[in-house]
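# Here is my input, please return the structure:
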Amino acid sequence: MLFATLCAGCNQPGASLCNRCRFSLASASSQVSDSGIMAALPFEGVARQVVHGLKYRNRRLVARQLARLMVRRVRVGRVDVVTWAPTSGQRARGRGYDQAELLARAVAAELGVPCRRLLYRSHGGTAQTGHSRAERLHGPSFRARGGRGHLRVLLIDDVVTTGATLIAA
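Here you go, the predicted structure:
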């Protein structure tokens with residue numbers, strides 16, 4: 001049996017992210033929302049395919065490449081710790097991983113700082129996928145792990161549509 005690596009962007013055999021898709025991501029511009037949330041890439045085209053590959057097609061290897069791109073694009077200044085907005089427990093169990101955690105751990109490695117789980121989804125929270133904009137604005141909710149002192153925390157999520165998840169976190 002032969003196992004081939006497929007590009008998370010175009011599904012072609014080869015690297016986890018082929019040169020064509022890598023260049024496509026490199027040419028896309030970062031975005032900042034009205035509320036100050038920074039997105040390394042617009043969620044469209046190849047970027048959308050790559051994120052979907054990470055989330056739905058078990059293309060975990062691409063997390064390191066996305067993290068490298070995120071760190072280069074989004075100038076965050078000094079950071080003490082990196083954390084993530086956790087996906088629902090049901091989604092994480094179904095996939096076998098939390099894609100935002102993979103990204104956060106890879107970003108922390110790029111920055112040379114620790115990555116810690118600081119947030120937990122409140123029970124009863126549902127996934128945001130498939131909800132309307134109005135429904136997304138009302139969820140999810142999180143509880144935070146107690147911290148020490150004043151830490152500069154970088155919060156990572158895989159996709160920003162309304163920003164409600166990051167604002168809630």
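# show me where the chain has strands.
Secondary structure of the chain (DSSP state E): strands located at 31-32, 38-39, 81-84, 119-121, 142-144, 153-156.
# Please tabulate those in JSON lines, including the columns mean neighbour count, distance to Ser16 and mean pLDDT.
(C-beta placed from N, C-alpha, C; glycine too.) Shown next, in JSON lines, are those (neighbours: other C-beta atoms under 10 Å; distance: least, C-beta to C-beta, whole Å; pLDDT from 0 to 100):
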{"stretch": "strand 31-32", "mean neighbour count": "12", "distance to Ser16": "24", "mean pLDDT": "84"}
{"stretch": "strand 38-39", "mean neighbour count": "18", "distance to Ser16": "21", "mean pLDDT": "86"}
{"stretch": "strand 81-84", "mean neighbour count": "23", "distance to Ser16": "20", "mean pLDDT": "95"}
{"stretch": "strand 119-121", "mean neighbour count": "18", "distance to Ser16": "28", "mean pLDDT": "89"}
{"stretch": "strand 142-144", "mean neighbour count": "12", "distance to Ser16": "30", "mean pLDDT": "84"}
{"stretch": "strand 153-156", "mean neighbour count": "19", "distance to Ser16": "19", "mean pLDDT": "92"}
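# you'd agree Arg68 is up against Ala109?
No: look at Arg68 against Ala109 with C-beta atoms under 8 Å: they stay out of range, at 9.6 Å.
# How about the contacts made by the nearest residue to Thr87 once chain neighbours are set aside?
Excluding the flanking residues, the one nearest Thr87 by C-beta to C-beta, 6 or more residues apart in numbering is Asp98, at 4.9 Å. Contact partners of Asp98, counting by C-beta atoms under 8 Å, 6 or more residues apart in numbering, are 84, 86-87, 91-92.
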